[in-house]
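>>> Predicted structure and sequence below. I'll ask about it afterward.
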Amino acid sequence: MTGGKRGDRGLSVRVKKKGGIKASSRRWLERQLNDPYVRRSKAEGYRSRAAYKLIEIDDRYKLLKPGMRVVDLGCAPGGWCQVAVQRTADTPDKAQVVGIDYLPVDPIPGATIFEMDFLDDAAPGRLLEALGEAPDIVLSDMAAPTTGHRRTDHLRTMHLVEVAADFAIRTLRPGGHFLTKTFQGGTEADLLTMLKKNFTSVHHVKPPASRDGSVELFLLAKGFRGHLRRDDAEAAADEG
């Protein structure tokens with residue numbers, strides 16, 4: 001999908017400096033008002049522009065298929081859940097999508113949403129109980145609240161990526177997929193090694209909907225090998 005119609009080009013909204021608004025807030029507001037993905041999300045009924053990141057990744061890699069069981073980690077405000085329901089079920093009542101976030105999420109037809117921290121010890125069990133069977137795909141758009149210090153933000157988000165990856169490897173059905181948000185700046189070697197041991201392919205993806213100036217990146221692990229014996233996992237890593 002493209003980032004907006006041609007008619008969007010050349011249009012620019014500026015926020016007046018009056019009113020005591022901070023320069024950083026004014027720049028953010030102008031960026032939102034001029035973002036074609038923000039306009040599309042409002043026109044097409046998605047909770048956020050982030051929905052188009054999943055749409056573009058799925059259009060390229062064909063991850064979501066009818067009948068799949070989906071776990072969405074860090075699902076607020078719900079855009080990824082909306083896309084998952086649309087692409088895995090003919091009707092919302094047949095969807096098998098479970099999401100979790102410590103922020104409140106308005107109800108989404110076809111999705112079961114838990115308002116709790118995924119780092120809570122009880123969270124993984126709640127998700128699996130609601131899903132009923134092993135997930136076919138684990139999605140994670142989790143990111144730690146930013147501090148303004150890039151290295152610190154990277155390390156905090158990488159911890160969430162590692163926790164999500166561990167959950168995916170422990171729960172996915174064989175052949176399943178794992179998609180997670182990360183930051184540019186060096187994916188940890190141990191994490192990549194773990195993913196290559198457990199999945200047939202691992203890709204770094206930056207969809208068009210990710211802003212050009214953003215350090216955001218997505219890590220896609222396809223084809224979960226299942227729970228391998230140690231010697232089999234080491235051989236798979238050597239092949240990767």
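On my side now, so go ahead.

>>> Mind listing what's buried along the lengthiest strand in the chain?
Of all segments of type strand in the chain, defined using DSSP state E, the longest is strand 216-224. Within strand 216-224, the residues scored as buried using 16 or more other CB atoms under 10 Å are Glu216, Leu217, Phe218, Leu219, Leu220, Ala221, Lys222, Phe224. The way it works is simple: take the backbone N, C-alpha and C, and place the C-beta from them, glycine included.

>>> which residues touch it?
53, 57, 61, 63, 161, 165, 168-169, 172-184, 187, 195, 198-207, 210 (CB atoms under 8 Å, 6 or more residues apart in numbering).

>>> low-scoring pLDDT stretches of this structure, where are they?
Low-confidence segments of the chain, defined by pLDDT under 70: 1-35, 185-187, 228-240.

>>> Any figure for the gap between the residue nearest the centre of it and His227?
The centroid of the chain falls nearest to Asp141 when counting by CA atoms, centre = their mean (3.2 Å). Using CB to CB, to the nearest Å, one gets 26 Å for the distance from Asp141 to His227.

>>> Check Thr88 too.
For Thr88 relative to His227 (CB to CB), the value is 24 Å.

>>> who has more neighbours, the two?
Taking neighbours as other CB atoms under 10 Å, Thr88 and His227 compare with Thr88 leading, 22 against 12.

>>> Which residues are in contact with the more buried one?
Applying CB under 8 Å, 6+ apart, the residues near Thr88 are Leu64, Lys65, Pro66, Gly67, Met68, Val70, Ala95, Gln96, Val97.

>>> Then His159?
Neighbours of His159 in contact, by CB under 8 Å, 6+ apart: Ala144.

>>> who's Ala111 bridged to?
Assessed by DSSP bridges, Ala111 has beta-bridge partners Val97.

>>> Restricted to helices, list the contacts of strand 216-224.
Lys53, Ile57, Tyr61, Val161, Ala165, Ala168, Ile169, Leu195, Asn198 (DSSP state H).

>>> Could you dump those residues into TSV with neighbour count and distance to Thr112 added?
Output for the ones in helices among the contacts of strand 216-224, formatted as TSV (neighbours: other CB atoms under 10 Å; distance: CB to CB, whole Å):
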residue	neighbour count	distance to Thr112
Lys53	25	22
Ile57	23	23
Tyr61	15	25
Val161	20	24
Ala165	22	23
Ala168	26	18
Ile169	21	23
Leu195	24	27
Asn198	23	26
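
>>> quick one: which of these is nearest to Asp153?
Using CB to CB, Val161 comes nearest to Asp153 of the ones in helices among the contacts of strand 216-224, at 12.4 Å.

>>> do you know how far that closest one is from Leu103?
Distance, Val161 to Leu103, using CB to CB: 19 Å.

>>> quick one: buried residues of the helix or strand that Leu155 is a member of?
Assigned by DSSP states H and E, Leu155 belongs to helix 150-171. Buried residues in helix 150-171, counting neighbours by 16+ other CB under 10 Å, are found at 153-154, 156-158, 160-165, 167-169, 171.
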